[in-house]
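*Asks:* this one's sequence-less:
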């Protein structure tokens, strides 16, 4: 293998794939990046076995071939190279980099040892606009569960049906759901459970103005643009019927200024229990009062003005879940809907005219109030 | 000891030919049980056998006698670098425990280090210097990995070594219970192999979910050849270690001298000899002094001492029956014979004393005070050996 590449392309290529290199692994080859040189350029790949990334970067290839080399070391070296073309060659299982008067030799491992990235056909797949896909990911993947007891909840549900693309994630205590029109090119239906690590890579590597092709093969999913490919294992299993838990009859609605609400929650949460993070919210005509009482620590009281014209109600929430949801809602005002203290509450963004915008909904389960 | 041949990854597999043939045949017929329990004495190659089964499962062109040994999958499996073969083992409890996530991470890092060391040192003595356990965090990590399913290769195998450590003590069964569901319903194309030298310590609910396979010890000739040809031991040392090892390559390795010093299990063997000598002495003070020379905690690490003591008692029995050639500790044969001749030994004493050791072994699993445990053991042994049953 022998090719010349600009320093910038080398740095970019390495940065794109290196986030897939596991920090600790039982398999030495996973610390390496696979280089495959062909007449049309150089492909770099890295994987942690769950998510694999491959990028194609322009290079003048004088001799094809392949080898794996230590990813982090290459990245460290490439960052410090002068801004000159880099000549990369292999000799046996060693990779040699020459840039100006700098010269490096690194021990590699045979390309054959590198785990093959899944072979996914994109022919029967679908196309997603980058902006839509990235928005879906950003608004939902935060809500996945990290508990290993229910593996399906460790992923984001991605549904294609009824002309819509939906993503849903939950840990059983809070849930995020977003729906976007799928566009005319999406004729297929699918229900996939995608690991959030893969979606993080998609969000990091693809741009909003790109068209992303998506393909599925057995239990693997692939995302592809002209020069980037991301592959992931899908999580197997049946996602719970999330529609069932989204309340349809919440009849009390509070319109609140998001930043004031966030600030008030953050203030009183400082005194909340480290275990439950429980805060009490008492809604009454055009105001909400926050109370926290933690016996071995102290108490906090706060209140803000809101739009609320229903019967008074007091509900307990995990402050962390509320803050997390509010961070992703994004609009200046939010609508919080509820029915009773023991029933799920929903939070939705509100537009300038007071109507709900986007098809985005977060659900937060209440906590029992002990008093 | 001469220099051993350079080896990285798994040592060659020896023995258990019949079992391997049966397993290969079962695999060829797609009838290899999904959850296996390989049990047998420590150090006889149970984990090596489990790796062989893993290699069989991922091999691209398995043959009737086993994996081909030549395909890419076999090569990676032999180097302990196959992405679909997962090895979990007892580890010391992490020192700095914070959140559950941090504990799980610490255990995963310890597992990675353990595997790296195992790759560098394929021949390791069956000898423990610290308390280890299959912690609940290790099982959580395993379950997370199992939940992801097999990768592009399509088939995966999990090896859970020394599975008796799932239940460190009777009162702490959480790790064992956490594994039950995975054993009950392994995902498609997933095999799980547990190994254990003390299957009696496993929960019934674990045992009932496995297909047990018993592994016997390796022959003395095979052990001697391995020690000479693969480990690079001198012929006389290899012969002595092979004789004393009772079919266990792990024990044999521990009996070989290392860096000019006696091997760790040789130290244990000598220690066990002193225990036996104390048990035979008339003076209760000598027995008490010997018991008090042990630390006051860490009874679970006495397992190897009890195993060595059992060999000494067996030899004492052989000496009493005038079967000098059956004595394994040949270096002490004259002393053993003298004890049998000079002391008023009860002929059935050694076998009854073995029962005392077994009892002490069970108590040690409950983590009692080793000094008290050994005081009791030496007194009981003395009573049985000298027929002083008053």
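*Replies:* Noted; the coordinates are in hand. Being a predicted model, the structure only gives us computed values, none of them experimental. Numbers count the residues shown, from 1 in each chain, chains lettered A, B, ... in the order given.
*Asks:* residues from the stretch 151-300 of chain A in reach of chain B?
*Replies:* Counting by Cβ under 8 Å from any Cβ of the partner chain, the residues of the stretch 151-300 of chain A lying close to chain B are A:151, A:154, A:195, A:219-220, A:233, A:235-236. For the C-beta atoms, the positions are set from N, CA and C on the backbone; glycine is no exception.
*Asks:* what does the stretch 101-250 of chain B have sitting close to chain A?
*Replies:* Going by Cβ under 8 Å from any Cβ, the residues of the stretch 101-250 of chain B near chain A are B:101, B:108-109, B:111-112, B:115-116, B:140, B:143-144, B:147-149, B:151-152, B:187.
*Asks:* buried by neighbour count, from the residues you listed: which ones?
*Replies:* B:108, B:111, B:115, B:140, B:143-144, B:147-149, B:151-152, B:187 (16 or more other Cβ atoms under 10 Å in any protein chain shown).
*Asks:* just the residues of the stretch 101-250 of chain B next to chain A now: which is nearest residue A:71?
*Replies:* Nearest to residue A:71 among those is residue B:112, at 16.8 Å by Cβ to Cβ.
*Asks:* give me the secondary structure label for the closest one.
*Replies:* Secondary structure state of residue B:112, per DSSP: H, G, I helix; E, B strand; the rest coil, is helix.
*Asks:* was I right to think residue B:74 contacts residue B:67?
*Replies:* Yes: counting by Cβ atoms under 8 Å, residue B:67 is a contact partner of residue B:74 at 5.2 Å.
*Asks:* quickly list what's touching both of those two.
*Replies:* Common neighbours of residue B:74 and residue B:67 (criterion: Cβ atoms under 8 Å, 6 or more residues apart in numbering or on different chains): B:55, B:59.
*Asks:* element containing the closest residue to chain A within the stretch 201-350 of chain B?
*Replies:* Residue of the stretch 201-350 of chain B nearest chain A, by Cβ to the nearest Cβ: residue B:205 (18.0 Å). In the assignment (DSSP states H and E), residue B:205 maps to helix B:204-207.
*Asks:* quick check: what element follows that helix along the chain?
*Replies:* strand B:211-214.
*Asks:* and whatever helix or strand comes next after that next one, what other elements does it pack with?
*Replies:* Scanning forward in sequence from strand B:211-214 by DSSP H and E, the next helix or strand is helix B:220-225. With contacts defined as 3 or more Cβ pairs under 8 Å, 6 or more residues apart in numbering or on different chains; DSSP states H and E, helix B:220-225 has these neighbours: helix B:235-244.
*Asks:* any residues touching the helix it packs on, and which ones?
*Replies:* B:1, B:220-221, B:223-224, B:227-228, B:231, B:233, B:251-253, B:255-257, B:263, B:269, B:311, B:328-331.
*Asks:* if we can go back for a sec, residue B:74 and residue B:67: which has the busier surroundings?
*Replies:* More neighbours surround residue B:67 than the other of residue B:74 and residue B:67, with 25 against 21 (other Cβ atoms under 10 Å in any protein chain shown).
*Asks:* ok, for the more buried one, nearest residue in space, not its chain neighbours?
*Replies:* Computed as Cβ to Cβ, 6 or more residues apart in numbering or on different chains, the closest residue to residue B:67 that is not its neighbour in sequence is residue B:59, at 3.8 Å.
*Asks:* wait, isn't the one you found in contact with residue B:73?
*Replies:* Yes: using Cβ under 8 Å, residue B:59 is in contact with residue B:73, at 5.6 Å.
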